[in-house]
Every structure is written in C-alpha cells, then in structure tokens.
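A.B. asks: 3D model of this:
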Amino acid sequence: MAFSPGEVGAYRIVSAAAVLLPLSLPRIAKLNRKQIGNLAVVGLVGSFLPAFLFAKAQTQLSSSITGVLNALTPLFVVVIGALFFKAKITVRNGLGLLIAFIGVIILISVKEGSSSITSLSSINAYALLVILATICYGINLNIIKHWFNALKPVEITAISLLLALPVALGYLLLQTDFTHKLIHEDGALMAAGYLTILGVLGTAVSLILFNGLVKIASPVFASSVTYLIPIVAIGWGVWDGEVLLPGHFMGMIAVITGVWIGNRKKKKQVIAAPSSSA
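C.D. replies: Numbering: from 1, shown residues only. This is a model prediction of the structure:
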C-alpha cells in the first residue's frame, strides 16, 4: 500500500474540499460566526473523523464486515436524536438496538482461524473504529437536520469540507511524508489518482446528494441507505476472495435484522368510513 491510513483519510478530505472551493469560498463570507462554528463541527465530525476511522479499520477488517457495521448508522441517528435532540425511542427502536448490539458483539468476537466466538478480551478493536464512525454519522445527521434549515445541501457540504481542509492539509503536510511518497515511490501517483476519484465522487458529490436527502426527509430515513452498503460490501468481499466465518454471517444477520426492526415504522391502520344508507 502506497499510503498510510492517515494519509488516505486526509487526502480524501483535501481532494473533496479542493474540488468544491469554487462553491465554498463565495458562500462562506455570507455566514455568521455561529453558522461557521456549526459547519466546522459538521466537517470534522461528519467527514474528517470518519475518513480516518474507516481508513484505519480497513487495514484489519474485511470490507464485508465493515459494510455491515456501517449499517448501524440509522440506529445511532435514533439514539443521538433521543439524547440531544428530544426525539423519542420506541419499544421497536429498543428491540432493534438490542438485536443489532448482539450482532456487533458476535462480529467483533469472531477470530480468524476459529469457527467459534472468542472471549471479549480478544475482540477486534478495529471494528470499534467503524462503530465510532457510525456514531459520528449519527451526530452529524441530527445536526444537519436541526441546525441548518436555512442552508442548502451544497452550502452545507462545500463549506463544512472547506473548514475541515486546514486540519486535513496540515496533517498531510506536517505529520506525514505524503509528498515524498508521491514523488519517489512507484505507484504513488496512480494511488493518489484513485484517492482523488474517491474524494470527489465518494465524498464531495455523495455528500451533496446525501445532505439533500437529509434536508427533505428525516435523518433516520436518509441514513437508511446504509441498508444497501452491506449487500454491496459483501458482494465485493466475496468477489475479492475475502474469508468469512460462520460467526461472521451470524453477526451480519443479527445486525441487519436489528437495524431493520429498529427503523421499521408501524403500519397505520386505515379505518373505512361507514357507508350511508339510502
């Protein structure tokens, strides 16, 4: 691998913020100090930290397991909303959380080379990085929905990434040898090209679309697109030859089931109006 996980995460933010500079620079001057502060939180919690956490986690986790753990986002949207934004947790939400939590415990406790679940003392700590990233997403989605009614999705995305840019660029240039690798290591330029595509499409463009969905719908509904991620991740993982143990499949089923139960809305009963007699 040409770049470290930290370099991957930082460059992803740099490339995403850079491509949106024509949109962010003219707009940031129109915002007040409170809006800028809130957008800085969105940039750091919703983009910067998850980029680092996922990059680090992927060094020790299969894409299949990472994708399934990412499906916890809707549940953390509910939890964060209840804790800090006066949302309510229903019995259905609680049951879903419990089932998903059991699935997470199974996933992080299965040890490669063993068909059984190991003790909690030997859990895969890298899975906890993905869970922390989904908590960041849960915080971020609630902030966007409740704090930014007046801003457009493109403004939220472009300016939040602009505010995260100095931190990412500073880390990249001062704490790593990214530029040295870029010049001297074979394959580094090609790797940087792929990372640029990831930053532009996977961060900048996708965040604009996603934040737009959050604005017109509920954070829970918007985050439910993560249901698709496990399907895609498992498919790519199997195609790439990743090894999944029976315990992994048990945990995956539990997580996806728990997330589905926790976010499934109760069907409204339709009461037919009584017909009038002639």
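A.B. asks: Ends of stretch 34-53, what's the gap?
C.D. replies: 27 Å (CA to CA, to the nearest Å).
A.B. asks: which residues are contacting that stretch?
C.D. replies: Contacts of stretch 34-53 with the rest of the structure, by CB atoms under 8 Å, 6 or more residues apart in numbering, involve 5-6, 8-10, 12-13, 16, 28, 31, 129-130, 132-133, 136-137, 139-141, 143-144, 147-148, 151, 156, 159-164, 167-168, 203, 207. The C-beta positions use only the backbone N, C-alpha and C, and glycine is treated the same way.
A.B. asks: Buried among those residues? Make that a PyMOL selection.
C.D. replies: Filtering the contacts of stretch 34-53 down to the buried ones (16 or more other CB atoms under 10 Å) takes a single PyMOL command:
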select buried, resi 5+6+8+9+10+12+13+16+28+31+129+130+133+136+137+139+140+141+143+144+147+148+151+156+159+160+161+162+163+164+168+203+207
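A.B. asks: Which of the contacts of stretch 34-53 fall in strands?
C.D. replies: If you go by DSSP state E, these have nothing in strands.
A.B. asks: Which of the helices or strands spans residue 193?
C.D. replies: helix 188-197 (DSSP states H and E).
A.B. asks: And that helix, what's buried?
C.D. replies: 188, 191, 192, 195, 196.
A.B. asks: can you pull the contacts of the closest residue to the fourth one other than its chain neighbours?
C.D. replies: So the one you mean is residue 195. Spatially, and ignoring its direct neighbours in sequence, residue 195 is nearest to residue 11 (5.2 Å; CB to CB, 6 or more residues apart in numbering). Residues near residue 11 by CB under 8 Å, 6+ apart: 3, 168, 172, 178, 192, 195, 196, 199.
A.B. asks: Report pLDDT for residue 184.
C.D. replies: pLDDT recorded at residue 184 is 86.
A.B. asks: wait, I meant residue 275
C.D. replies: Taking residue 275 on its own, its pLDDT is 47.
A.B. asks: From residue 54, how far off is the residue nearest to residue 195?
C.D. replies: 13 Å (CB to CB, to the nearest Å).
A.B. asks: do residue 146 as well
C.D. replies: From residue 146 to residue 54 the distance is 25 Å (CB to CB).
A.B. asks: of those two, who's got more company?
C.D. replies: Taking neighbours as other CB atoms under 10 Å, residue 146 and residue 54 compare with residue 54 leading, 20 against 14.
A.B. asks: Tell me the pLDDT of the closest residue to that one other than its chain neighbours.
C.D. replies: Spatial nearest neighbour of residue 54, chain neighbours left out: residue 133 (5.7 Å); criterion: CB to CB, 6+ apart. The score at residue 133 is 93. That number is its pLDDT.
A.B. asks: close enough to count as contact, residue 133 and residue 58?
C.D. replies: No: in this structure residue 133 lies outside contact range of residue 58 using CB atoms under 8 Å: 11.0 Å.
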